[in-house]
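**Student:** got a predicted model here, sequence first, then my questions.
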2 protein chains.
Amino acid sequence: MSRIVRFHKIGGPEVLCVDEVSDIYPGPNEVRINVKAIGLNRAEVMLREGIYHEKPKFPSRLGYEAAGVIDLVGDDVSCWKVGDIVSTIPSFSLSQTNQGVYGESAIVPAEVLSKYPSCLTPIQGAAIWMQYLTAYGALVSYGNLKSGQTVIVTAASSSVGIAAIQLVTLLGAEVIAVTRNNIKKPPLYKLGAQHVIVTEEEDLIDEVKKITNGRGADLAFDPIAGPALNLICNSMANHGKIFEYGALYPGNTNYPLMPMLARSLSIIGYQVLDFVLDSKKLNPAKEFIVEQIESGELDPIIDSVFPLDKIQDAHRYMESNKQLGKIVVTT
Amino acid sequence: MSRIVRFHKIGGPEVLCVDEVSDIYPGPNEVRINVKAIGLNRAEVMLREGIYHEKPKFPSRLGYEAAGVIDLVGDDVSCWKVGDIVSTIPSFSLSQTNQGVYGESAIVPAEVLSKYPSCLTPIQGAAIWMQYLTAYGALVSYGNLKSGQTVIVTAASSSVGIAAIQLVTLLGAEVIAVTRNNIKKPPLYKLGAQHVIVTEEEDLIDEVKKITNGRGADLAFDPIAGPALNLICNSMANHGKIFEYGALYPGNTNYPLMPMLARSLSIIGYQVLDFVLDSKKLNPAKEFIVEQIESGELDPIIDSVFPLDKIQDAHRYMESNKQLGKIVVTT
């Protein structure tokens, strides 16, 4: 038996149960992991709420990111063995039966596993792939980020936002971190953002114009959409690219046609799940991330660690938006 | 004195006046053209209505496309001489004083002039640059159109739509022409569209899926936006690119976030005025267009020709959407 987080209906954090579930065994090309740490992501909140692009099948597991030790390998798995220390790359479907890594034990396709840098703890190992691959795929692989450019990063205090701040800075470009209230301003500067705009107090368009001497930003990296998308569009340089990688705003978003036309902007729908399925793009990204973590240039920031039986609190905390970095659950 | 079309206030076609205006003389780097034919574009309707991204200064001239003969050259113009037969590339500002080519005489910057293929009449010469450059810039230069791909072309019976049909077909790709009612279905097939979808009678998403064996279209080329943008997004293949090059829908457009994320789509705001300012992109486009017109592969389609004093009727006709190809006015 293993303690597995599941939910049996759509709802708030209270629908998450820690169920005692019979052991399951990996099928062909699958492995079973003895999970040590789980990295939480917004995608799981959206799946739980029934607003993710995948729909849960009940009882539904959830969770993309875990670090742990392989304790069983299925048939036809040649590249991994029992005892290997691994973490999961978010390239599998959450709606597939029995997938989802929230729990003491998880079955995942062998191809989604990766070693993580040995300098990291399992807690850190569960906090790297989603955030750094999401930022790298959009900004470097698709966005062709260059030294000297300026990047608007919204939801800057999220784990992906902080990963983007680190990555953009490392590549010699400037970050304009965007956050709602001023509580997070000092820590965002401390994390390396060259500029922080607090949207409750400052005008995004004016501030970006000042920072960029009227030119506007080259790239934007936004998981929210909503009314701010129009402000972002009006803060971009000609031929700017805006990566939309989430749908956190609960209402409709107006399509900002006029600034799109006037500035020849591109809005690009981006999902890390799509990026990581392209091994020609994924492999150099993984190599870069491992190298930069090992040299200390990228540094996964852990906000807090919850035990597995406090999974409801962990989700509540994620939804409070008080965190600065990754929320991790240990088993 | 010359007869020049001007408008003195925002409004419908009735605000267009044919005014007797004193002769004007080209400044440095400008030339004066004795205009023979004027190609009409939606941009001018929008300028007249006050909904263009540039605002008119009254009394305002208008018009991007003319063919004629140079009758005066200003200082510092070395590449053109009196008597040269030319047409204008739409790379200048309509809101600048005295610019706009609707009239017997027009002053334009020397660098916006081009020779047009000698096999063409002035009427045809006024009907090539806007339509072919608009289609080429989006689909070939930015969209990287490849043989075997599928392209959705909306407003397919407009001059730019027909230019896109010709260009896509010429490059070995397939066109799905989209039009509102079935009157234009037979002529669009005749013009080379492999597929025509009539949106009043057929479901865009279903039809595109059928045509592409479920894959979806690679590119879309749309000057409308509005509710159809969501349908277009749901008709695209993964990583499809949608070029929005106008704002013909009068209301707001909902940003289609979910299909954008699910299919990793890009929506690209595109203006030919931006494209033609980049000479590295413009020059090969011009060469290609001239070559293909001379060899008969591209064939400017003229819907109708109005005399200058019927300019109000010409605008009314453009707004009726009954045309199939270019509306031209002769002086």
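**Tutor:** Yep, that arrived. Computed from a predicted model, the values in this text were never measured in an experiment.

**Student:** okay, CA-based contacts and neighbour counts for the rest of this
**Tutor:** OK.

**Student:** residues of the stretch 201-331 of chain A that sit close to chain B?
**Tutor:** Residues of the stretch 201-331 of chain A found near chain B (Cα under 8 Å from any Cα of the partner chain) are A:244-247, A:252-258, A:260-271, A:274.

**Student:** count of neighbours near the residue lying closest to residue A:227 once chain neighbours are set aside?
**Tutor:** Using Cα to Cα, 6 or more residues apart in numbering or on different chains and skipping residues adjacent in sequence, the residue nearest residue A:227 is residue A:253, 6.2 Å away. Residue crowding around residue A:253 was assessed by other Cα atoms under 10 Å in any protein chain shown; the count is 20.

**Student:** in helices, which of the residues of the stretch 201-331 of chain A next to chain B fall?
**Tutor:** Taking DSSP state H, the ones among those that sit in helices are A:257-258, A:260-263, A:274.

**Student:** ok, residue A:230 touching residue A:256?
**Tutor:** Yes - in terms of Cα atoms under 8 Å, residue A:230 counts as a neighbour of residue A:256; the distance is 5.4 Å.

**Student:** got the residues of the stretch 1-150 of chain A near chain B?
**Tutor:** The interface of the stretch 1-150 of chain A toward chain B, taken as Cα under 8 Å from any Cα, is made up of residue A:53.

**Student:** residue of the stretch 1-150 of chain A closest to chain B, please.
**Tutor:** Evaluated by Cα to the nearest Cα, the stretch 1-150 of chain A has residue A:53 as its residue closest to chain B, separated by 7.0 Å.

**Student:** re the thing from before, test my guess that the residue nearest to residue A:227 contacts residue A:225.
**Tutor:** Yes - counting by Cα under 8 Å, a contact exists between residue A:253 and residue A:225, whose distance comes to 6.4 Å.

**Student:** max-length helix in chain A?
**Tutor:** Ranked by residue count and defined by DSSP H, the top helix of chain A is helix A:279-294.

**Student:** so in that sheet, which strands flank the helix or strand that comes right after that one, and in what orientation?
**Tutor:** Reading on from helix A:279-294 to the C-terminus, the next helix or strand found by DSSP states H and E is strand A:302-307. Partner strands and pairing direction for strand A:302-307 (DSSP bridges) are strand A:326-330 (parallel).

**Student:** what residues sit buried inside the strand it pairs with?
**Tutor:** Judged by neighbour count (16 or more other Cα atoms under 10 Å in any protein chain shown), strand A:326-330 contains these buried residues: A:326-330.

**Student:** ok so, going back, ranking the ones in helices among the residues of the stretch 201-331 of chain A next to chain B by neighbours, who comes first?
**Tutor:** Of all those, residue A:260 has the most neighbours under the rule other Cα under 10 Å, reaching 26 neighbours.

**Student:** does it really touch residue B:269, like I thought?
**Tutor:** Yes - at 4.6 Å, residue A:260 counts as touching residue B:269 under the criterion of Cα under 8 Å.

**Student:** mutual contacts of the two, please.
**Tutor:** Residues touching both residue A:260 and residue B:269 (Cα atoms under 8 Å, 6 or more residues apart in numbering or on different chains): residue A:266.

**Student:** thinking again about what came up before, okay if I get the ones in helices among the residues of the stretch 201-331 of chain A next to chain B as JSON lines plus pLDDT and distance to residue A:172?
**Tutor:** Putting these into JSON lines (pLDDT from 0 to 100; distance: Cα to Cα, whole Å) gives the following:
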{"residue": "A:257", "pLDDT": "90", "distance to residue A:172": "31"}
{"residue": "A:258", "pLDDT": "89", "distance to residue A:172": "31"}
{"residue": "A:260", "pLDDT": "94", "distance to residue A:172": "27"}
{"residue": "A:261", "pLDDT": "92", "distance to residue A:172": "29"}
{"residue": "A:262", "pLDDT": "90", "distance to residue A:172": "28"}
{"residue": "A:263", "pLDDT": "94", "distance to residue A:172": "25"}
{"residue": "A:274", "pLDDT": "91", "distance to residue A:172": "27"}
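
**Student:** helix, strand or coil: sort out residue A:139 for me.
**Tutor:** With DSSP: H, G, I helix; E, B strand; the rest coil as the basis, residue A:139 sits in helix.

**Student:** pretty sure residue A:57 contacts residue A:95?
**Tutor:** Yes - under the criterion of Cα under 8 Å, residue A:57 lies in contact with residue A:95, with a separation of 6.2 Å.

**Student:** so for the two, which residue has more residues nearby?
**Tutor:** For residue A:57 and residue A:95, the more surrounded residue by other Cα under 10 Å is residue A:95, and the numbers stand at 18 against 15.

**Student:** excluding chain neighbours, what is closest to residue A:134?
**Tutor:** Nearest residue to residue A:134 in three dimensions, chain neighbours excluded: residue A:272, at 5.1 Å (Cα to Cα, 6+ apart).

**Student:** contacting residues for the one you found?
**Tutor:** With contacts defined as Cα under 8 Å, 6+ apart, the neighbours of residue A:272 are A:90-91, A:130, A:133-134, A:137.

**Student:** next one: residue A:290
**Tutor:** By Cα under 8 Å, 6+ apart, the contact list for residue A:290 reads A:116-117.

**Student:** that one and residue A:125, how far apart?
**Tutor:** When distance is defined by Cα to Cα, to the nearest Å, residue A:290 is 11 Å away from residue A:125.

**Student:** any stretches of the stretch 1-150 of chain A with poor pLDDT?
**Tutor:** In the prediction, the stretch 1-150 of chain A carries residues with pLDDT under 70 at positions A:96-97.

**Student:** strands of that one, start to end?
**Tutor:** Counting by DSSP state E, counting those that start in this stretch, one finds strands in the stretch 1-150 of chain A at the ranges A:2-7, A:16-21, A:30-39, A:65-73, A:85-88, A:105-109, A:113-114, A:150-153.

**Student:** report the residue ranges of every domain in chain A.
**Tutor:** Taking automatic domain parsing as the criterion, chain A consists of the domains A:2-128+A:301-330, A:130-273.

**Student:** those domains: which one's closest to residue B:14?
**Tutor:** Taking Cα to Cα as the criterion, residue B:14 comes closest to domain A:130-273 out of these, the separation being 26.5 Å.

**Student:** what's the burial count for residue A:78?
**Tutor:** Neighbour count of residue A:78, defined by other Cα under 10 Å: 10.

**Student:** residue B:72: which of the domains of chain A is closest?
**Tutor:** Sorting the domains of chain A by Cα to Cα, the top spot, which is the nearest, belongs to domain A:130-273 at 33.0 Å.

**Student:** per-residue pLDDT, the residue nearest to residue A:227?
**Tutor:** The model reports residue A:253 with a pLDDT of 93.

**Student:** which residues sit in contact with it?
**Tutor:** Shown here is residue A:253, whose contacts under the criterion Cα under 8 Å, 6+ apart are A:225-227, A:229, B:254-257.

**Student:** select from the residues you listed the one having the most neighbours.
**Tutor:** Greatest neighbour count in the contacts of residue A:253, by other Cα under 10 Å, goes to residue A:225: 25 neighbours.

**Student:** show me what contacts it?
**Tutor:** A:244, A:246-249, A:253.

**Student:** try 6 Å
**Tutor:** For residue A:225, the residues meeting the contact criterion (Cα atoms under 6 Å, 6 or more residues apart in numbering or on different chains) are residue A:249.
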